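1. fold the following, please.
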Amino acid sequence: MASDPVPMETEISEPPVRSLREIVVAGFVTTLLFAAFLAFPIVGALALPFLAVPAVRLAHRRGGGAGVSAALLAASLLLGLGFATGGAGAAIGVALFAAIVTGLPPLFAAGLRRGSNPSLAYLGLCAAGFTLITAGLALRPAAGGRSMRQEVAAAFDEMTPAAVQSYTRGGMEPEAIAKLKATLSAARDFASQFWIGLVGASWVLTSAIAFYTGARLARPEPSAEAARFETLSVPAAVVALFVAAGAGAVFAPPPAREIAGNALIPLAALYFLAGLSIICHFARKWFRARILRVGLYGLALYFPINVGVGLLGLFDWYADFRRRGEKA
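-> Got it, this is the predicted structure:
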């Protein structure tokens, strides 16, 4: 059940020098985080969920215009760096991607200052980002690049021999090596077929980190106080979409099955987050020690516990676990 909108106070104008300074700082921090990802792709990937955090924090503190301006500043800096170090096509692609992933979260966070429902604002962020990112990736062949299916297949083809060789040198038995090859082959086929859903699930998870972490760092701003992860809930209407996608992924003929599967994956990620928010709600009341809460959240990531967490979020529209817990 979605939380009620929280009325916010009218925005108070801030000194322009202070706002400009915060925009510049947020833009440079975002640029450094993105540069870390580009320079160290594996380790730097940990910075991707936090790219929009400075801009979201700024949107709560100074308004959506300031947050989006910081995101556009970072995208402009990355565009300049791209032109200086590589081709124009790659530079424009990186800048557009940066503008989307860092500009959308503060844009939707700014709505909370006008009294928007935090859960609905986050769902809008998920839908907008999923649409723009997947559309951009799908249009890669039009710009002369390879399709995402080809990119995914090529990545697995490059990774598989190295992994097999590494485990072979480590003394792994031939039977285990054969199982490893079969697993990687199945993963290659799955990722190639459902890359849209995997991109969507990644956006659902990373945008949640940006949206709620940025709000946490902006407290005690009233709009930031309203955007608490433990209050996240998904409207009941989304359940019908989830059920339809699940049924289509199992029973529909191709290509409808592929379309349904690509819709099901990000919806499953969304319901996992909804279930995790319920756990977070009760954990904050029952466990005062932060280390215990962190351990509980980490445990929720493991299979099959994560399936139970997703089911918890899925049935919250009917059971309203938070309300029942208050009455218990």
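
2. quick one: contacts for the spatially most central residue of the chain?
-> Here the mean C-alpha position of the chain is nearest to the C-alpha of residue 206 (C-alpha atoms, centre = their mean), at a distance of 2.4 Å. Counting by C-beta atoms under 8 Å, 6 or more residues apart in numbering, residue 206 touches 48-49, 101. For every residue, glycine as well, the C-beta is placed using N, CA and C.

3. now for residue 118, how many residues are close by?
-> Residue 118 has 28 neighbouring residues, counting by other C-beta atoms under 10 Å.

4. where does the stretch 1-150 of the chain dip in pLDDT?
-> 1-18, 43-44, 84, 86-87, 89, 143 (pLDDT under 70).

5. do that again at 50, thanks
-> For the stretch 1-150 of the chain, applying pLDDT under 50 flags the ranges 1-13.

6. the helices in it, which residues?
-> Using DSSP state H, counting those that start in this stretch, the helices of the stretch 1-150 of the chain run over 16-39, 41-44, 53-62, 64-85, 88-109, 118-138, 148-169.

7. tell me which of these approaches residue 279 most closely.
-> helix 118-138 (16.3 Å; C-beta to C-beta).

8. which one of the helices of the stretch 1-150 of the chain is the most hemmed in?
-> helix 53-62 (a mean of 29; mean count of other C-beta atoms under 10 Å).

9. correct me, but residue 309 touches residue 298?
-> No - checked against C-beta atoms under 8 Å, the pair residue 309 and residue 298 is beyond contact range at 12.0 Å.

10. which of the two has more neighbours?
-> residue 309 (24 against 9).

11. the more buried one: which element?
-> Using DSSP states H and E, residue 309 sits within helix 305-314.

12. please save the CA atoms from that helix in CSV.
-> Provided in CSV are the C-alpha atoms of helix 305-314 (Å, rounded to 0.1, in the frame of the first residue of the first chain):
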residue,chain,number,x,y,z
ILE,A,305,16.0,-16.2,1.1
ASN,A,306,15.9,-13.5,-1.6
VAL,A,307,13.0,-15.3,-3.2
GLY,A,308,11.1,-15.1,0.1
VAL,A,309,12.0,-11.4,0.4
GLY,A,310,10.5,-10.9,-3.1
LEU,A,311,7.3,-12.7,-2.1
LEU,A,312,7.1,-10.6,1.0
GLY,A,313,7.1,-7.5,-1.2
LEU,A,314,4.6,-9.0,-3.7
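
13. just give the number of residues close to residue 113.
-> So residue 113, with other C-beta under 10 Å, has 22 neighbours.

14. just checking, it touches residue 63?
-> Yes - using C-beta under 8 Å, residue 113 is in contact with residue 63, at 6.6 Å.

15. coming back round to it: so for residue 320, which of the helices of the stretch 1-150 of the chain sits nearest?
-> Residue 320 sits nearest to helix 118-138 of all the helices of the stretch 1-150 of the chain, at 13.5 Å, using C-beta to C-beta.

16. what is the orientation angle of that closest one with helix 88-109?
-> 170 degrees (axes from the mean of the first three to the mean of the last three C-alpha atoms, to 10 degrees).

17. ok, and what's touching helix 118-138?
-> With contact meaning C-beta under 8 Å, 6+ apart, helix 118-138 is reached by 2-3, 6, 96-97, 100-101, 104-105, 108-109, 111-112, 148, 195-196, 199-200, 203-204, 207-208, 211-212, 226-228, 231-235, 238, 266, 270.

18. try 6 Å
-> 2-3, 100, 104, 108, 111-112, 148, 196, 199-200, 203-204, 207, 211, 226-227, 232-233 (C-beta atoms under 6 Å, 6 or more residues apart in numbering).

19. show me what contacts residue 239?
-> Per C-beta under 6 Å, 6+ apart, neighbours of residue 239: residue 317.

20. in what helix or strand does it lie?
-> Using DSSP H and E, residue 239 sits within helix 237-251.

21. check residue 269 too.
-> helix 256-286.

22. the helix or strand just after that helix - what's its average pLDDT?
-> Once helix 256-286 ends, the next helix or strand along the chain (criterion: DSSP H and E) is helix 290-299. The average of the pLDDT scores along helix 290-299 is 75.
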